[in-house]
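Student: no letters, just coordinates:
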Ligand SMILES: Nc1ncnc2c1ncn2[C@@H]1O[C@H](COP(=O)(O)OP(=O)(O)OP(=O)(O)O)[C@@H](O)[C@H]1O
């Protein structure tokens, strides 16, 4: 990982655990990555692997049964470095960072939109909290933002309530709200899962424009390797709380060296190949998060398993930014190149 001025936020050895009935779920178990300015980092993995908990930890929006156990989250702000993990979750400082410097969009827009207020009112509220605009300027800015997000006739839609917007429009409105204060970092947690493919493509295009035109650093959470191939500059593959492989999208997609990455790639349908293509579902299921194996968490599902896998693999740097946690990464990489 680099520690240069292009990094907007760095996460080092982050551990976030859940405690229920005296049992512990190591939901995020020592992850490290950088989110770079003007780049998209995709965090990819199956359900339950810790993607959302990583995002909520960065936003300091963790549920009560969880806590940061170890690690550092450093936001490299224009006014110096801020250790987010050391801020009080509802303190003044964190509240001013959340929304204005680091914004988040969710899978379900209704998580962020309140059904009893108009879209315009909600965007204005966010502007009011984070900017010095006047009352009339709020509305003009809200209309501008909706227009930028591709909402047609924004002057007439700004006073509508969320329920009168379609799913895609709500998602655009939520992005408008998230972008209202020009955040430096946008965290998007599966933002298009509930939308049809055309709208999904439009939302992704919008995010790509934000990245290119505003230099916004984007962390995009997805379970879909197809989305990674389309949008990512960098990718981190998560499994059971660990980043098992990471690097630039070229490094990871051209030369996958973790069996789990390969399995995820084998599960993407290829456009034009029709119904009879060889899509391989990943065998087995993820272990019980409260009763994990000691060694490699993927071992039980892995065709490359050997006795050494009973010990957790160390992380190995195999390229300038390419790293992997697998004892047999050389053989896996060689097979991927075949
Ligand atoms: N509110 C919660 N209470 C208890 N455990 C939780 C809670 N939220 C998440 N977890 C646990 O933390 C682990 C990581 O979950 P997380 O939601 O981050 O996965 P994910 O990769 O984002 O999955 P998905 O794609 O389904 O959202 C899982 O074992 C999950 O059961």
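Tutor: That came through fine. Just so you know, these numbers come straight off a predicted model, no measurement behind them. Residues are numbered from 1 along each chain as shown.

Student: and the strands in the stretch 151-300 of the chain, which stretches?
Tutor: Applying DSSP state E, counting those that start in this stretch to the stretch 151-300 of the chain gives strands spanning 185-189, 217-222, 234-239, 242-248.

Student: below-threshold pLDDT in the chain: ranges please.
Tutor: 1-4, 269-280, 336-338 (pLDDT under 70).

Student: would you map out the domains in it?
Tutor: Using automatic domain parsing, the domain ranges for the chain come out as 7-101+183-336, 112-182.

Student: give the helix, strand or coil label for the residue sitting furthest away from the middle of the chain.
Tutor: Most distant from the centre of the chain: residue 136, at 34.6 Å, with distances by C-alpha atoms, centre = their mean. For residue 136, the assignment made with DSSP: H, G, I helix; E, B strand; the rest coil gives helix.

Student: the ligand contacts on this protein?
Tutor: 18, 25, 27, 45, 47-53, 63, 65, 223, 289 (C-beta under 6 Å from any ligand atom). Heads up, the C-betas are built off the backbone N, CA and C, glycines and all.

Student: and which of those is nearest residue 105?
Tutor: residue 52 (12.5 Å; C-beta to C-beta).

Student: and the closest one, what is it in contact with?
Tutor: Contacts were defined as C-beta atoms under 8 Å, 6 or more residues apart in numbering; by that measure residue 52 touches 189, 221.

Student: following the helix or strand it falls within in sequence, what is the next regular element?
Tutor: According to DSSP states H and E, residue 52 maps onto helix 51-59. Next helix or strand after helix 51-59 toward the C-terminus (DSSP H and E): strand 66-77.

Student: please enumerate residues in contact with that next one?
Tutor: With C-beta under 8 Å, 6+ apart as the criterion, strand 66-77 contacts 5, 7-19, 27, 30-31, 53, 57-58, 62, 81-85, 97, 101-102, 184-185.

Student: let's see it at 7 Å
Tutor: 7-18, 27, 57-58, 81-85, 97, 101-102 (C-beta atoms under 7 Å, 6 or more residues apart in numbering).

Student: of those, buried ones?
Tutor: 7-12, 14-18, 27, 57-58, 82, 84-85, 97, 101-102 (16 or more other C-beta atoms under 10 Å).

Student: just those residues: which are in strands?
Tutor: Members of these lying in strands (criterion: DSSP state E): 7-12, 14-18, 27, 82, 102.

Student: let me know the closest of these to the ligand.
Tutor: residue 27 (3.4 Å; C-beta to the nearest ligand atom).

Student: isn't the closest one right up against residue 19?
Tutor: No: look at residue 27 against residue 19 with C-beta atoms under 7 Å: they stay out of range, at 10.6 Å.

Student: lovely, talk soon.
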